[in-house]
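**Student:** no FASTA, just this:
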Ligand code: NAD
């Protein structure tokens with residue numbers, strides 16, 4: 001018997017708002033509806049999250065990642081818009097689990113919006129209690145960027161996925177993924193980035209996805225090259241492309257557990273096996289084997305308890321198949337969806353953790369240097385503004401080959417969804433003026449806005465998955481050197497510090513990526529409108545935010561972080577006493 005209680009699937013969010021139907025995405029251009037650009041940026045980013053081109057199920061307020069929502073109900077969405085339109089430049093709006101709950105006079109340098117989503121007190125911090133409250137309309141699952149209005153479509157994750165696979169290529173093959181086959185699952189909001197990230201690294205990707213519409217969506221947006229009629233066709237095409245050293249991606253409409261088992265039965269061992277189905281949510285994210293999508297959706301409604309049992313049974317088979325392929329030589333890693341944790345927690349299988357998570361394997365060295373997924377969106381809606389920032393970032397960091405390669409690839413291969421946006425991993429490393437990489441770039445963008453070279457303000461934000469903003473023992477903080485995987489003071493300090501530094505929106509969430517009770521994480525936005533105030537905020541926030549990554553990892557004893565702190569003059573008080 002699972003510890004999960006049956007949970008409602010209809011959370012009573014009401015009928016889609018007339019305002020949303022009218023917007024169909026973020027308003028664009030230089031005329032604004034709010035009192036200032038900081039409030040307008042919040043309004044545009046919320047609507048961008050719910051753009052039908054961007055969100056997975058916008059009519060249900062679901063942005064990505066299972067049921068990650070941007071607002072608790074359609075009524076709450078309308079109320080947030082009304083508050084933002086009326087919000088003064090010296091006021092702060094409070095949003096609690098997707099609905100506005102208060103508004104206070106603060107000051108110009110304070111955040112305009114503060115957000116807390118899905119947080120529960122430790123003892124009650126479970127899906128079970130969350131679902132009870134959700135059914136009563138008292139809480140919302142914000143995932144990571146959905147509830148903090150920072151989601152920018154699949155493009156948001158693409159560089160992280162690209163960087164992870166590039167690092168895997170360097171570590172395992174001493175180069176890229178040419179001639180290597182990656183087998184994975186999921187072609188949803190974030191997971192849909194996988195095929196393109198593999199082909200950008202010159203590899204071959206076979207992805208299992210149960211939902212034909214998701215496959216179509218990735219084909220339409222060029223994240224995926226082909227769809228095969230069955231697994232045999234996918235394997236033949238993939239082998240042919242790998243032998244020729246050609247980048248190639250193919251989807252098969254099937255359950256990923258069935259696909260991996262079938263690969264093992266056929267003695268087909270992919271070079272790399274991973275997964276990005278929504279396994280963090282056994283009821284509303286992951287699909288059990290043996291059902292079509294429609295049949296499974298029906299079962300979820302009629303018998304949620306049985307759905308959960310069958311979902312967890314499939315996850316156990318899924319993990320067994322990954323372990324089997326790993327035994328036979330595949331490089332296996334979990335891609336941040338808590339698949340291993342689910343099978344350990346609900347099926348008592350400690351060996352589920354016999355393959356690593358992607359952070360300790362490939363990302364942590366970057367976190368130690370404060371490197372993380374800096375992202376920005378053009379509030380004008382004009383792609384030319386992003387192209388100008390592309391030039392600026394490559395001019396600013398000419399020695400960074402991987403960044404230049406990434407910008408070239410992104411310009412060629414990544415379609416914009418909603419507001420034109422870009423992502424680029426940048427770190428702490430200070431220059432002679434003591435400015436971090438992130439601050440230097442933000443200040444340059446602010447100058448371009450001030451000079452009119454960019455037509456409207458740019459909003460800079462990031463994923464919650466960043467160097468110093470997450471405690472997530474099955475993902476970002478898995479296997480920390482000093483055993484502090486579950487210490488959640490760090491993301492809270494991150495949010496507090498970024499408020500002090502003057503970020504324009506700051507948020508703290510529970511459960512993103514890996515499910516309720518498994519993570520706490522924080523995020524922020526800074527609006528670059530060309531003003532001196534924006535420059536001041538950018539200089540501060542883009543020092544404090546990546547700086548948290550450096551001090552968190554230095555505190556845990558990582559040499560790279562200690563080296564970064566020494567080189568970039570970051571005070572680490574307890575270490576400085578030694
Ligand atoms: P999503 O819900 O939009 O997409 C998941 C997809 O998996 C859906 O299309 C669904 O149909 C498919 N699916 C579910 N069960 C399946 C099964 N058994 N076999 C085949 N297909 C199946 O979610 P998303 O935004 O793509 O995120 C996916 C997961 O990755 C989540 O758990 C999320 O938390 C995690 N995630 C990881 C990172 C990271 O950086 N590593 C980032 C974001 C999200």
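**Tutor:** Thanks, I have it. Source: prediction; values computed, not measured.

**Student:** which residues touch residue 351?
**Tutor:** For residue 351, the contacting residues are residue 323, by C-beta atoms under 8 Å, 6 or more residues apart in numbering. Every residue, glycine included, has its C-beta placed from N, CA and C.

**Student:** now do the SS call for it.
**Tutor:** In three-state terms, and counting by DSSP: H, G, I helix; E, B strand; the rest coil, residue 351 is helix.

**Student:** report the central residue of this structure.
**Tutor:** Centrality entry for the chain: nearest residue to the mean C-alpha point is residue 463, 5.2 Å, by C-alpha atoms, centre = their mean.

**Student:** helix, strand or coil for the closest residue to that residue other than its chain neighbours?
**Tutor:** Distances taken as C-beta to C-beta, 6 or more residues apart in numbering put residue 373 closest to residue 463, at 4.5 Å, once the chain neighbours are dropped. At residue 373 the chain is in strand, as set by three-state DSSP.

**Student:** same check on residue 183?
**Tutor:** Residue 183 carries the three-state label strand when classified by three-state DSSP.

**Student:** check contacts around the residue nearest to the centre of the chain.
**Tutor:** Neighbours of residue 463 in contact, by C-beta under 8 Å, 6+ apart: 144, 145, 150, 156, 157, 160, 372, 373, 375, 523.

**Student:** and residue 506, how many neighbours does it have?
**Tutor:** Neighbouring residues of residue 506 were enumerated by other C-beta atoms under 10 Å; the total is 28.

**Student:** in this structure, which residue sits closest to the ligand?
**Tutor:** Ranked by C-beta to the nearest ligand atom, the top residue of the chain for proximity to the ligand is residue 188, at 1.7 Å.

**Student:** ok, how many other residues are close to the closest residue to that residue other than its chain neighbours?
**Tutor:** Leaving aside its chain neighbours, residue 188 sits nearest to residue 214 (5.7 Å; criterion: C-beta to C-beta, 6+ apart). A total of 22 residues lie near residue 214 under the criterion other C-beta under 10 Å.

**Student:** ok, residue 214 touching residue 189?
**Tutor:** No - between residue 214 and residue 189 no contact is recorded; they are 9.0 Å apart, counting by C-beta atoms under 8 Å.

**Student:** how close does the residue nearest to residue 188 sit to residue 97?
**Tutor:** Using C-beta to C-beta, to the nearest Å, one gets 27 Å for the distance from residue 214 to residue 97.

**Student:** ok, residue 258 next?
**Tutor:** In this structure, residue 258 lies at 36 Å from residue 97, with C-beta to C-beta as the measure.

**Student:** so between these two, which is more surrounded?
**Tutor:** More crowded of residue 258 and residue 97, by other C-beta under 10 Å: residue 97, with 26 against 19.

**Student:** for residue 153, which non-adjacent residue is spatially closest?
**Tutor:** If the residues on either side of it in the chain are set aside, residue 153 comes closest to residue 417, at 3.3 Å by C-beta to C-beta, 6+ apart.

**Student:** oh, I was asking about residue 449
**Tutor:** Excluding the flanking residues, the one nearest residue 449 by C-beta to C-beta, 6+ apart is residue 530, at 3.7 Å.

**Student:** got it, and residue 500?
**Tutor:** Leaving out its chain neighbours, residue 500 is closest to residue 544 (C-beta to C-beta, 6+ apart), at 7.6 Å.

**Student:** now swap in residue 384 and tell me
**Tutor:** Across the structure, with C-beta to C-beta, 6+ apart as the measure, the residue nearest residue 384 apart from its sequence neighbours is residue 455 (7.5 Å).

**Student:** just residue 65 next, same as before
**Tutor:** The shortest distance from residue 65 to any residue that is not its chain neighbour, by C-beta to C-beta, 6+ apart, is 4.0 Å, and that residue is residue 143.

**Student:** so what's the one you found up against?
**Tutor:** By C-beta under 8 Å, 6+ apart, the contact set of residue 143 is 63, 64, 65, 66, 67, 68, 69, 509, 511, 512, 513.

**Student:** could you redo these as TSV and give each row pLDDT and neighbour count?
**Tutor:** Rendered in TSV, the data for the contacts of residue 143 read as follows (pLDDT from 0 to 100; neighbours: other C-beta atoms under 10 Å):
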residue	pLDDT	neighbour count
63	96	30
64	92	28
65	89	27
66	90	24
67	94	24
68	97	32
69	98	32
509	98	31
511	97	29
512	96	33
513	88	27
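
**Student:** so which of these sit within strands?
**Tutor:** Helix and strand membership here follows DSSP state E; of the contacts of residue 143, those in strands are 63, 64, 68, 69, 509.

**Student:** what is the most widely separated pair among those?
**Tutor:** The widest separation within those, taken as C-beta to C-beta, falls between 64 and 509 and amounts to 13.7 Å.

**Student:** intersect the contacts of residue 143 with the contacts of the ligand.
**Tutor:** When C-beta under 6 Å from any ligand atom is taken as the criterion, the members of the contacts of residue 143 that contact the ligand are 64, 65, 66, 513.

**Student:** beta-bridge partners for the first one, please?
**Tutor:** Looking back up the chat, that one is residue 64. For residue 64, the beta-bridge partners under DSSP bridges are residue 68.

**Student:** quick check, it in contact with residue 55.
**Tutor:** Yes - the pair residue 64 and residue 55 passes the contact test of C-beta under 8 Å, sitting 7.0 Å apart.

**Student:** for the protein, what lies in contact range of the ligand?
**Tutor:** Checking the chain against the ligand by C-beta under 6 Å from any ligand atom, the hits are 56, 64-66, 157, 160, 185-191, 208-211, 214, 255-257, 276-280, 285-287, 314, 335-337, 465, 513.
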